[in-house]
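Visitor: Predicted coordinates and the sequence they were generated for:
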Amino acid sequence: MVIALEKNWIWDSWYVNDGQRWHGFFLQADKRLGDPDLRHLNVTQGHAVSDNLVDWQHLGTTFAPSTGPAWDDYTTWTGSVVRGDDQLWYLFYTGTRRSEQALYQRVGHATSTDLHNWQRVGTGFCLDLEGPAAAQYEVEHAIGHWHDRAMRDPWVMRDPRGEGWLMYFTARVPGVAEPNAGGAIGFATSPDLVTWTLQPPVFSGGFGQLEVPQVFEHGGKWYCLFCTSSAHWSEAYKRFNPQSPVTGTHYLIADDPRGPWQLAPGPFLDGAEPCRRYAARIVETADGLRILGFADNGKAQFGGYVTDPDPVTVGPDGLLTVTPIRVAAE
């Protein structure tokens with residue numbers, strides 16, 4: 001295992017390189033809860049550093065829910081970190097509030113000079129499903145249709161077209177009869193990392209949810225990594241990919257980060273049943289692309305640590321392949 005704690009479970013993680021070493025950020029919860037399903041509502045964010053993505057030094061808790069009544073006083077879930085033009089580090093994260101029982105998710109941001117001590121920008125609130133584009137999202141909780149109002153897992157990157165920034169996040173679209181066909185990759189833009197404008201989703205369909213998106217370019221192609229459950233495969237995707245449904249990480253592919261995006265053809269990228277690795281990220285190293293995510297293995301044998309990175313190769317057709325170094329659960 002790569003990132004592990006004796007007393008805490010670890011799950012979703014995200015990474016940034018400061019030019020000298022890797023910083024890994026991750027969700028964590030106390031194992032004394034007993035039931036790993038309880039971790040989601042008892043969460044803080046941890047921080048570790050590494051020179052090689054294998055050996056990590058843990059620096060402790062780096063971010064947590066607000067202590068008083070606030071839009072993020074219940075959970076601070078998955079996000080991403082980028083460096084702004086002002087040389088500050090920006091953390092974008094998912095927040096929920098106690099008064100809504102964590103059913104409505106929104107996006108917040110905080111800044112840091114050292115990647116460990118974070119200060120919310122104002123209240124921290126950054127983006128909600130509001131404005132002209134909101135009509136293209138499932139804005140209200142569709143009770144009985146889905147288990148929450150999805151707006152989470154923000155992935156922020158520079159706009160390759162020039163100035164400004166792009167944000168991708170987990171969302172759902174309205175008016176879809178089949179719950180498993182309503183998952184979407186939401187989209188927003190900003191000139192300065194502070195003021196954000198909601199845009200229409202860049203992709204929808206295929207699955208009930210496309211969690212933990214990560215968008216990156218490699219070899220002239222754009223990739224949007226996401227994770228999902230075997231229980232959330234749509235009927236259309238089952239026809240598109242007739243393999244037995246698995247849980248794990250797959251991807252979209254495009255020629256431009258604004259799309260159009262298409263589900264990658266062929267086998268599901270990195271999946272198993274029960275799930276071996278979830279919420280995976282792909283990072284680029286001197287030795288090529290590497291994928292790492294947390295060990296799941298199902299509730300009865302929940303792993304709760306980040307697994308060793310595995311190599312990812314890109315074929316001549318632009319499609320990705322994972323070559324596991326270790327197949328057995330650790």
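Guide: Arrived safely, thanks for sending. For clarity, every value in this text was computed on a predicted model and none was experimentally measured.
Visitor: In the stretch 1-150 of the chain, mark out all the strands, start to finish.
Guide: Taking DSSP state E, counting those that start in this stretch to define them, one finds strands in the stretch 1-150 of the chain at 8-17, 22-30, 44-50, 56-63, 75-83, 89-96, 106-112, 119-127.
Visitor: Of all these, which one comes closest to Thr249?
Guide: strand 8-17 (11.7 Å; CB to CB). In this view, the C-beta of every residue, glycine as well, is placed from N, C-alpha and C.
Visitor: which parts of the closest one are buried?
Guide: Using 16 or more other CB atoms under 10 Å as the test for burial, strand 8-17 gives 8-16.
Visitor: Closest one of those to Asp148?
Guide: Nearest to Asp148, judged by CB to CB, of the buried residues of strand 8-17 is Asp12 at 15.6 Å.
Visitor: Distance of the closest one relative to His145?
Guide: Distance, Asp12 to His145, using CB to CB, to the nearest Å: 24 Å.
Visitor: Also Asp18?
Guide: 43 Å.
Visitor: Repeat that for Tyr137.
Guide: 14 Å.
Visitor: The two: who's more crowded?
Guide: The residue with more neighbours, out of Tyr137 and His145, is Tyr137; 22 against 15, by other CB atoms under 10 Å.
Visitor: per-residue confidence for the more buried one?
Guide: Looking at Tyr137, its pLDDT reads 98.
Visitor: Check Arg326 too.
Guide: So, for Arg326, pLDDT stands at 63.
Visitor: try Gly288
Guide: Listed pLDDT for Gly288 reads 95.
Visitor: which residues touch the residue lying closest to it once chain neighbours are set aside?
Guide: Spatial nearest neighbour of Gly288, excluding adjacent residues (CB to CB, 6 or more residues apart in numbering): Pro311 at 6.2 Å. For Pro311, the contacting residues are 287-291, 322-323, 325, by CB atoms under 8 Å, 6 or more residues apart in numbering.
Visitor: what helix or strand does Pro311 sit in?
Guide: Remark: Pro311 resides in strand 310-314, with elements defined by DSSP states H and E.
Visitor: export that strand as CSV, just CAs?
Guide: C-alpha atoms of strand 310-314 as CSV (Å, rounded to 0.1, in the frame of the first residue of the first chain):
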residue,chain,number,x,y,z
ASP,A,310,0.2,1.1,-11.8
PRO,A,311,1.5,2.0,-15.3
VAL,A,312,-0.9,3.4,-17.9
THR,A,313,-0.1,3.1,-21.6
VAL,A,314,-1.6,5.0,-24.5
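Visitor: immediately after that strand, which helix or strand?
Guide: Using DSSP H and E, the helix or strand that directly follows strand 310-314 along the chain is strand 320-322.
Visitor: pLDDT weak spots in the protein?
Guide: 1, 326-330 (pLDDT under 70).
Visitor: How many neighbouring residues does the spatially closest residue to Ala64 that is not a sequence neighbour have?
Guide: Spatial nearest neighbour of Ala64, chain neighbours left out: Thr44 (4.4 Å); criterion: CB to CB, 6+ apart. Other residues within reach of Thr44 by the criterion other CB under 10 Å amount to 18.
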